[in-house]
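>>> Mind folding the following:
(chains A and B)
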Amino acid sequence: MPKLGTVTRTTLAAAIAALATATAATAHTTDTTITGAGSTFVAPLLAQWIDPLGSAYGYSLQYSAIGSGGGVAAITNRTVDFGASDAPLTADQFAACKGCVQIPWALSATAVIYNLSGAKNLLHMNGATLAKIFSGQITKWNDPAIRKLNKGVSLPDQTIATVHRSDNSGTTYNFTDYLSSASADWKSKYGRGVAVNWPNGTGQRGSSGVAAGVSQTPGGIGYVDVAYALSNHLKYFAMQNKAGKYATPGLKGILGAAAAQVKPDPKTNELSIVNPATKYKLAYPVSTYTYVIVPTSSPKAAALRKFLFWAVTRGQSYGPKLLFQPIPKPVLVVAEKTIAKIK
Amino acid sequence: MSAVPAPRLTARRFRAGDAALQLVAGAAALAACVVVALIVWKVVDGSLPSIHAYGIRFVWRVAWNPVLGHELYGAGSFLFGTAVTSLVALLTAAPLAIGVALFLTELAPRFLRGAVTALVETLAAIPSVVIGLWGILVLGPVLRDDVEPALHTALGFIPLFGPASASGSSVFTAIVVLTIMILPIVSSISRELFLGVPRELREGALALGTTRWEMVRGVVLPYARGGIAAALILGLGRAIGEAIAVSQVIGGVVGIHWSLFSGGDTLGSKIAESYQGGTTKLQVASLIYLGLVLLVFSLSMNLAAQWIVRRVARRQGVGTNRGGLA
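Numbers count the residues shown, from 1 in each chain, chains lettered A, B, ... in the order given. Model prediction:
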């Protein structure tokens, strides 16, 4: 059957051609696949970047949201091209990572969520009271300290149940950094870190664990990143800043807080913008930068530089709808300088 | 049991095959030993900084403070949590599992046996993370709203049954989750053992005029006793080592609380929670030290359980070593 033979041969030739193209295509993209791992906080923003990065440079971005801690471990072991962490690296982590730099590349906030049936959203709260709640000194919703902040709101005689992260988390760092700044007592007893020695309450894994814990615990209070709180319709506090104003964790509040420190630490690029001074009237006091961690010498240096330049400039425009405030100019300048060091 | 030399009769004919068998089986056994030795070495090596810093006192110190400048670590509360959750889970699972096995072999109508057996074995196949999620979303709230208050009202004078937990995450929830996880292991092994009881023994007992319960108590259980003990040891091992599901429901609290309804933590769960992204060398070393404590604890629990089984078997003198434990 010669006819069938021809058909088969043509099909085969086409198949081989297709295979060759496919191989060529894979060969092309494997050169420019940029892999990263870490913070779940920035994961939604990175997801927005995949398409535009592909069309701008042909890069394919692969990001695993395994948590800030995991991201630091991954870049330390060089199993990825970059790590992402919401908490700045500690001295030990810097030493272990051998020649890594951290670059502030996104700016957002932590929402303090609560579950109180019948209560409205945006009840008022301040740092000193929150520190007392999480250290177990305030145990009831109708405590005078909470009532004083919420005049005219009837608060029930209900026990407060605090929920915190049980894994190492950048959100915990931001939250305890804030409590340490707002309460000397908290600072001396518990301090700040990606995990601390919580005096009471229950621990849950991940933002989803904390959200589940709070939404299932009548009277519960916890903390998650603001995008998570909004997308899951959780109630969160309006936090009183040093100026005495109540700010919500929106773009305006985050921008207000970012004004407090625009010069990153010259050695580590660290920026702390929690609980800024009285003159920052709009500031939401639990705001934070989140960082990308890259080695200064990388086999993909050229691609990494291009990707990161794009991320801190054009990439920022994808932020606002996810409640990431574009990073301010002076921070951008420092970020670009640091990116240029990747060789 | 030590290796039995091949019978002389067939030795000549299958010498090559015997040699190959000896080699492959020996290599497999050796590989298992080498892997254990390597793990022990790595765990000890990894925990050295913490061993140097804290010594043996680490084992019972109740503390876990990872904040820079305040660092202090100890295994006390996790060791306590592991012991309480695994032992209580075993105590609850044992009668349930044996009951399930007896039902399936002695009591259930034939058409039910296959279906129930399959379902119980499916329970063993559910990934622990899924059981943990179910623990947070379904089991925890039910225990908190209904079971814990009832137990507290009825038995509140015993310190074990304090006020109900606020969040549904508690040592008690972890115990129930672990019970569910070890139940299918113990029950399916027990079922096999009960099926292995010779027909003549049962029929003999029934012919002597015993009731069904007397037959079970006098023949089936003594016959399978050693094997059931082995199944329980397997279940205990599972409960001691389970990390993910426990970390999802136990509430991650450091400290020793007598009430089952307060939060706690176990060795495995603490390692699973904190290992990723440990911030200092001392913290990472202390987490590995927890692994060492877990290793020693599960080994000694295993040895103790085997010792108890042997003593019981010797005293009773019936049905020893079914299930190939010793």
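
>>> Now B:R61: closest residue in space, sequence neighbours ignored.
B:G74 (2.8 Å; Cβ to Cβ, 6 or more residues apart in numbering or on different chains). Just so you know, the C-beta spots here come from the backbone N, C-alpha and C atoms, and that holds for glycine as well.

>>> B:P159 too?
Computed as Cβ to Cβ, 6+ apart, the closest residue to B:P159 that is not its neighbour in sequence is B:W258, at 4.4 Å.

>>> Just say helix, strand or coil for that neighbour.
With DSSP: H, G, I helix; E, B strand; the rest coil as the basis, B:W258 sits in coil.

>>> For burial, what's the neighbour tally of it?
Around B:W258 there are 12 other residues, counting by other Cβ atoms under 10 Å in any protein chain shown.

>>> can you pull the contacts of it?
Applying Cβ atoms under 8 Å, 6 or more residues apart in numbering or on different chains to B:W258 gives the contacts B:P159, B:L160, B:G162.

>>> Please enumerate the helices of the stretch 1-150 of chain A.
Secondary structure of the stretch 1-150 of chain A (DSSP state H, counting those that start in this stretch): helices at A:2-31, A:43-57, A:68-76, A:91-97, A:127-134, A:144-149.

>>> ranking the ones you listed by mean pLDDT, which is last?
Comparing mean pLDDT across these, the lowest value falls on helix A:2-31: a mean of 46.

>>> hang on, B:V284 in a helix?
Yes - counting by three-state DSSP, B:V284 is found in a helix.

>>> Quick check: it touching B:S274?
No - under the criterion of Cβ atoms under 8 Å, B:V284 is not in contact with B:S274, lying 9.1 Å apart.

>>> Between these two, which has more neighbouring residues?
Applying other Cβ under 10 Å to B:V284 and B:S274 shows that B:S274 carries more neighbours, namely 26 against 21.

>>> Report the closest residue of the stretch 51-200 of chain A relative to chain B.
A:G69 (1.3 Å; Cβ to the nearest Cβ).

>>> Around the nearest residue to that residue once chain neighbours are set aside, how many other residues sit close by?
The shortest distance from A:G69 to any non-neighbouring residue, by Cβ to Cβ, 6+ apart, is to B:G277 (1.3 Å). Neighbours of B:G277 under the rule other Cβ under 10 Å: 26.

>>> ok, now which ones touch B:G277?
Counting by Cβ under 8 Å, 6+ apart, B:G277 touches A:G67, A:S68, A:G69, A:G70, A:G71, A:V72, A:A73, A:D167, A:N168, A:V194.

>>> Output the below-cut-off pLDDT ranges for the chain.
I went with chain A, as the question did not name one. Counting by pLDDT under 70, chain A contains low-confidence ranges at A:1-31.

>>> ah, no, chain B please
Counting by pLDDT under 70, chain B contains low-confidence ranges at B:1-14, B:315-326.

>>> Let me see the contact set for residue 249.
Assuming you mean chain A. By Cβ under 8 Å, 6+ apart, A:P249 lies in contact with A:A109, A:T110, A:A111, A:V226, A:A229, A:Y236, A:M239, A:Y284, A:V286, A:S287, A:L323.

>>> nope, chain B
By Cβ under 8 Å, 6+ apart, the contact set of B:V249 is B:G132, B:G135, B:I136, B:L139, B:G140, B:S169, B:S170, B:T173, B:A174, B:V177.

>>> And A:F175, by the same measure?
A:T110, A:V112, A:Y223, A:V286.

>>> Is the second one bridged to anything, and to what?
Taking DSSP bridges, one finds A:Y223 as the beta-bridge partners of A:V112.

>>> what's around it, how many residues?
Residues lying near A:V112 (other Cβ under 10 Å) number 26.

>>> ok, now which ones touch it?
Applying Cβ under 8 Å, 6+ apart, the residues contacting A:V112 are A:M125, A:L130, A:F175, A:I221, A:G222, A:Y223, A:Y236, A:F237, A:M239, A:V286.

>>> at 7 Å instead, please
A:M125, A:L130, A:I221, A:Y223, A:Y236, A:F237, A:M239, A:V286 (Cβ atoms under 7 Å, 6 or more residues apart in numbering or on different chains).

>>> quick one: it from B:I185, how far?
From A:V112 across to B:I185, the span is 43 Å (Cβ to Cβ, to the nearest Å).

>>> The first one now?
When Cβ to Cβ is applied, the distance between A:T110 and B:I185 equals 42 Å.

>>> What distance do you get for the residue nearest to B:P159 to chain A?
As judged by Cβ to the nearest Cβ, to the nearest Å, B:W258 and chain A stand 16 Å apart.

>>> what's the answer for B:G114, then?
37 Å.
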